[in-house]
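Participant: sequence plus the predicted model coming up.
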Amino acid sequence: MTPAAAALALIETTDGGALLLLVQSVAVALTAFIPVLPSEPLVITSGVLAAEGTIPLWATLAVTMVGCLTGDVALYLAFRYRIVVFLHRWRWGRQVHRRILRARLRAGDATTWISLLLIRAMPAGRTASMATAGIMGLPALTLTGLAIVGSITWSLWLTGLGYITGTTTGLPPWASAVTGVIAGTLVGAILAVMVTRRNVRARRARARFGRGSPPRGTSG
């Protein structure tokens, strides 16, 4: 069942989509630790449903931001204070940890506030951004700004993507949701390619610099 179909099923069995919004908030929070969870399609679908007038737009934005902020801060704390090592007690925990580290490696050498914010648009970018911030030991004040701005922009981007496709395509809700997911995936893939190329160029530049530097103990 697609996220759009699942969302519509929840809407039909609950008053005003309250259960959908609750599930969405929890899924968004958990996606920080488990990037493979389909929270992005769920948020896009809720944007489509908001465009249809099925659920309030402000409500889907609010629950998405709260879930995103909660998950991001929790992941940062897990890496900042090495709580994440407790995952190694279980096989599924080790798999989760490996997925988080792979997401961070794909993000490359993002170490500045802006770069940590920009990589959030990549697939698993939230995970990479917050894990990197935790490993770096980013100060609490800086992290708070990053998490708040990141949660707002991430929520506006995905919800807005669903809302725009829902109001402009004239398609049924499920088709509008699929269109939004495809568009979001393409943008994320393009950004991932750009980040990968930047990292490759940076590594090549460092390699050339290393080969061209004089040996230790010698002077120009």
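Facilitator: Good, I have the coordinates. Residues are numbered from 1 along each chain as shown.

Participant: can you show me the helices along the chain?
Facilitator: With DSSP state H, the ranges of helices along the chain come out as 3-13, 18-31, 39-51, 57-80, 91-106, 113-118, 125-136, 140-168, 173-212.

Participant: redo those helices as CSV? Include mean pLDDT and mean neighbour count.
Facilitator: (C-beta placed from N, C-alpha, C; glycine too.) Output for the helices of the chain, formatted as CSV (pLDDT from 0 to 100; neighbours: other C-beta atoms under 10 Å):
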stretch, mean pLDDT, mean neighbour count
helix 3-13, 55, 18
helix 18-31, 88, 20
helix 39-51, 89, 28
helix 57-80, 91, 21
helix 91-106, 66, 15
helix 113-118, 74, 17
helix 125-136, 82, 25
helix 140-168, 90, 19
helix 173-212, 73, 15
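
Participant: give the contact list for the residue positioned nearest the centre of the chain.
Facilitator: Taking C-alpha atoms, centre = their mean, the centroid of the chain lies closest to residue 126, which sits 3.3 Å from it. Neighbouring residues of residue 126 by C-beta atoms under 8 Å, 6 or more residues apart in numbering: 31-32, 35, 68, 71-72, 120, 150, 154.

Participant: one more: residue 152?
Facilitator: Shown in contact with residue 152 (C-beta under 8 Å, 6+ apart): residue 65.

Participant: do you know how far it is from residue 69?
Facilitator: 9 Å (C-beta to C-beta, to the nearest Å).

Participant: what sits closest to residue 30 if chain neighbours are left out?
Facilitator: Spatial nearest neighbour of residue 30, excluding adjacent residues (C-beta to C-beta, 6 or more residues apart in numbering): residue 37 at 5.7 Å.

Participant: what's the answer for residue 155, then?
Facilitator: Per C-beta to C-beta, 6+ apart, closest to residue 155 is residue 64, 4.1 Å.

Participant: residue 161 is in contact with that neighbour, correct?
Facilitator: No. Using C-beta atoms under 8 Å, residue 64 is not in contact with residue 161; the gap is 11.9 Å.

Participant: report the two of the contacts of residue 126 separated the most.
Facilitator: 35 and 150 (14.9 Å; C-beta to C-beta).

Participant: so what's residue 151 up against?
Facilitator: Each residue near residue 151 by C-beta under 8 Å, 6+ apart is listed here: 65, 68-69, 72.

Participant: circling back to that earlier point, turn the contacts of residue 126 into a markdown table, columns for distance to residue 180.
Facilitator: Shown next, in a markdown table, are the contacts of residue 126 (distance: C-beta to C-beta, whole Å):
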| residue | distance to residue 180 |
| --- | --- |
| 31 | 17 |
| 32 | 21 |
| 35 | 19 |
| 68 | 17 |
| 71 | 21 |
| 72 | 22 |
| 120 | 18 |
| 150 | 20 |
| 154 | 15 |
